[in-house]
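Novice: below is the sequence, then the predicted model.
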Amino acid sequence: MRASVLAVLAAAATGPILRPAGARAAGPQAAAFSSRVVGVRVDVLVTERRNPVVGLTAADFELRDNGVAQTIGLLESSDLSLNAVLALDVSASTSGTRLTDLVTASHALLDGLRAADRAALITFNQAVSPRVPLSTDLGLVRAALASLAPSGETALMDGIYTALMSAQSQPGRSLVIVYTDGGDTASWLRPDEVLESARRSSAVVYAVVVGGLRRSPLKELTDATGGDLLVVDSSTDLGGVFGRILAGFRSRYVLTFTPTGVAAGGLHRLDVHVRRSGLTVQARPSYIGEPAS
Amino acid sequence: MEHHVRETLICLALVMISRGVAGRSSHVTPATVLAIEHWSHAVVEHTPGAPDAAVTFVRSLSYEARQDMDGGMQPFLRALLGKNPVWSSAEEKRVVEVGVADLQSVGANAFLERAAVLHADAVMVGGAAPSEPLGRAGSGQIAKQAPSTSPLLSTSRLILANDGEAVGALETNWNWTFARALLDMVSPKPAAVPFIGQWYHATAAYLLRHGEYGEVETHLAHAWALLPDDPHILFDRACLSEILGLPQSQQLLTDQDRVARRIDATRAGVTLGSPERARRVDIPFEEVANENAERLFRNTLQMAPTFVEARVRLARLLEVRGRFADALTELSTAVSDRGVAHDPVVLFYAELFAGRADHALGRSDAAARHEDAAVALFPNAQSALLARSQLALVTADVDGALAPIGRLAALPVDAARRMDPWWQYPFGPGRDADTLLGQMWASLSR
């Protein structure tokens, strides 16, 4: 099997064709990371008039890797545990009502997780802090949410990168929800570097921006993961926004394939279609494969 | 020829400034005499760098008190500078006597230097905000005083930004304007007095350390007019230009600004705020700021070829503009210079930037060596850990990519309890503000 880096990192997905290898239990303060090797997995959201479409089978999909049609499998997404990584901006500008609303929304998201699902919490101002690694003990995340204290600048790209990496530390489909109220002012990593990293990850990234969007690479970045950028005027309905993201993620289809007929390495363009008219497909447009060894 | 033009410009600047202080017509009242006496006493008694009674006195000066002082400044300074004192009243005579006494006991240059230090200290060591907040932008507050040309009385507005967002306006602190005007009058000329460069470099470092970019822009423009051959002032100006090109400054520009730039490529930047509310915060577009900074760093290096940090910062700018091989050449030259090992922060920058450049050129092994060296210098530096992780990720070393994230998780949440030199990068010379100020104060005390 040719393994892409995407697949290596995505591996964490459970299920019959993906094999977790030695995932370690992680305590609240000691993040443990592991890696596995599997095929390429693509999370796909199908909607009709913005509503998720359910009941599709593998035969309904067509997937091309660099223009070459692939044989795909379809995983039952409800069988896969979910890794929800919250990457929250706690810079100075997020204080006050925005923080209160954010904490409330985060609790609501945790309420929507199932027993096998995991959650992680990463906060960032100029300092990125993986506060709680992926864990089924959601109480750890709830406790950490109670201690958020906004200050400092915004290392948005550093925070997103850390979230992408943290999302891969346990088996399961990974959903990264990034919350911010503005642009990056302090990161070391540049948008192009994080974009490249996102293409190597199977995590789906949603970014929620409150208070208007200034110059930002978030749209390109979220699109690259098959996720979306959501700009809201106020933080009042953050809970509803987070809830819709989770619901949409749960209704996604998980396609798998082993690249065939294409060179292994480099950037692979992905085209996913549904053989029914009137449906909208949202999936990552590419992934990066490693050269065959 | 260029030198002649520059000298002419300086002379013009000095004439304009002296019209503000020494050339103003006097209006001496008993209150003026009292104000000048108190001020003179504070200047003489102040211990450089100390939040003493002299600092408290200066900080307590109201606009009205400064108006009183302003009325006697012309005869006082004429006397201090030994310029044929004349008076037309008993009050004016007393002011002249104070100036003559200071000339004889302290000396003109020493008094002016001490006064500049006192007024800078009134901003820097007093403990409270150096400028009076005017409230959040759009709150409708307007100027409280009528415009004035006196350095004691004139103020202007600056935009207050926090975390890349304009959040209000500030009134500039008159102490800076006054201190600069006083130092303009040292003889035979400021460029001939080493303390002047030291004062400007140290105070500019303070302003950069505290993010007072609007004030420091004026400060350094004035310094450069006086000291065109001072590599530290040139370096400070280069750093300011570089800072204005960093995301924290560029975030203040709106999408409309950028569209306007695309339509009209000759636009250099944006002045934030309306003319009524804010005199200026000029934010150049990123490419303009970076071009300016590169030119200024190169000029600095022409004057001081072994200025390591100037070369390292030049290399970062070259990287930003995609000139990775050129950046590596500069970095190689920088770290081969003697002295770099004495400043681990600058060495850290050099390793971090070299890692990025080698990475961009596809030299992963070399990049890894540089990034490992950066991590070795500052093991808890987030920037270096993320650089190392990202490099490992793109070379398919998953464990290598995850390990630095694990280390990050073990660090304190509070940024103040971490040490990442990258977070200090926007300070420029402000990183060393405390040291530079200490040296400046000590040299005045001697």
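Specialist: Structure's in. What do you need?

Novice: low-scoring stretches of the stretch 1-150 of chain A, by residue?
Specialist: A:1-38 (pLDDT under 70).

Novice: ok, now chain B?
Specialist: B:1-26, B:127-149, B:154-171, B:254-282, B:337-341, B:445-446.

Novice: let me see the ranges of the strands in it.
Specialist: Remark: strands assigned in chain B by DSSP state E are B:157-162, B:165-171, B:269-271, B:282-284.

Novice: the longest helix seen in chain A packs against which elements?
Specialist: Longest helix in chain A, counting residues (DSSP state H): helix A:97-111. Judged by 3 or more Cβ pairs under 8 Å, 6 or more residues apart in numbering or on different chains; DSSP states H and E, the packing partners of helix A:97-111 are strand A:82-89, strand A:118-124, helix A:138-145, helix A:238-250. Any C-beta I mention is one placed from the backbone N, CA and C, and that applies to glycine too.

Novice: run me through the strand neighbours of the shortest one, direction for each.
Specialist: If I follow you right, that is strand A:118-124. Strand A:118-124 has its sheet partners listed here by DSSP bridges as strand A:82-89 (parallel), strand A:128-135 (antiparallel).

Novice: turn these into TSV, columns for distance to B:Glu287.
Specialist: Formatted as TSV, these follow (distance: least, Cβ to Cβ, whole Å):
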stretch	distance to B:Glu287
strand A:82-89	27
strand A:128-135	28
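
Novice: one step back: mind putting the helices and strands packed on helix A:97-111 into TSV with distance to B:Ala354 and mean neighbour count?
Specialist: Below are the helices and strands packed on helix A:97-111 laid out as TSV (distance: least, Cβ to Cβ, whole Å; neighbours: other Cβ atoms under 10 Å in any protein chain shown):
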stretch	distance to B:Ala354	mean neighbour count
strand A:82-89	29	26
strand A:118-124	26	27
helix A:138-145	37	18
helix A:238-250	40	19
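
Novice: between these, which gets nearest to B:Glu92?
Specialist: strand A:82-89 (61.1 Å; Cβ to Cβ).

Novice: how far does that closest one sit from the chain's center?
Specialist: 8 Å (Cα atoms, centre = their mean, to the nearest Å).

Novice: please report how far the closest residue to A:Leu109 other than its chain neighbours lies from A:Thr222.
Specialist: Nearest residue to A:Leu109 in three dimensions, chain neighbours excluded: A:Phe242, at 4.3 Å (Cβ to Cβ, 6 or more residues apart in numbering or on different chains). Distance of A:Phe242 to A:Thr222, given as Cβ to Cβ, to the nearest Å: 15 Å.

Novice: show me the helices in the stretch 1-150 of chain B, by range?
Specialist: B:2-20, B:30-45, B:53-59, B:63-80, B:90-105, B:108-124 (DSSP state H, counting those that start in this stretch).

Novice: out of those, the one nearest chain A is which?
Specialist: The closest approach between chain A and any of those, judged by Cβ to the nearest Cβ, belongs to helix B:108-124 at 22.7 Å.

Novice: ok and that closest one relative to helix B:30-45, angle-wise?
Specialist: Here helix B:108-124 runs at an angle of 90 degrees relative to helix B:30-45 (axes from the mean of the first three to the mean of the last three Cα atoms, to 10 degrees).

Novice: other SSEs contacting helix B:108-124?
Specialist: By 3+ Cβ pairs under 8 Å, 6+ apart, helix B:108-124 packs against helix B:30-45, helix B:53-59, helix B:63-80, helix B:174-183, helix B:194-209, helix B:433-445.

Novice: who are the packing partners of the last one?
Specialist: For helix B:433-445, the packing partners by 3+ Cβ pairs under 8 Å, 6+ apart come out as helix B:108-124, helix B:194-209.

Novice: ok, and what's touching the last one?
Specialist: To tie it back to what came earlier, the one meant is helix B:194-209. B:113, B:116-117, B:120, B:124, B:176, B:183, B:186, B:190, B:213, B:215-216, B:219-220, B:223, B:226-227, B:230, B:232-233, B:236, B:239-240, B:243, B:427-433, B:436-437, B:439-440, B:443-444 (Cβ atoms under 8 Å, 6 or more residues apart in numbering or on different chains).

Novice: let's see that with 6 Å instead.
Specialist: B:113, B:120, B:124, B:183, B:190, B:215-216, B:219-220, B:223, B:227, B:230, B:232, B:236, B:427-430, B:433, B:436-437, B:440 (Cβ atoms under 6 Å, 6 or more residues apart in numbering or on different chains).

Novice: same check, this time on stretch A:63-83
Specialist: A:13-15, A:58, A:116-118, A:134, A:167, A:170, A:172-174, A:252, A:254-257, A:259, A:261-262, A:268-269, A:271-272.

Novice: if any of those are buried, put those into a ChimeraX selection.
Specialist: Applying 16 or more other Cβ atoms under 10 Å in any protein chain shown to these, the buried members can be selected in ChimeraX as follows:
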select /A:13,14,15,117,118,134,167,170,172,173,174,252,254,255,256,257,259,262,268,272
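
Novice: take the contacts of stretch A:63-83 and keep only those in strands.
Specialist: Those of these lying in strands (DSSP E): A:118, A:134, A:173-174, A:254-257, A:268-269, A:271-272.

Novice: state the distance from A:Asn66 to A:His268.
Specialist: Distance from A:Asn66 to A:His268, by Cβ to Cβ: 5 Å.

Novice: mind giving me the domain ranges of the chain?
Specialist: This is for chain A. Listed by automatic domain parsing, the domain ranges of chain A are A:5-23+A:33-78+A:256-289, A:79-250.

Novice: chain B, not that one
Specialist: B:2-187, B:247-430.
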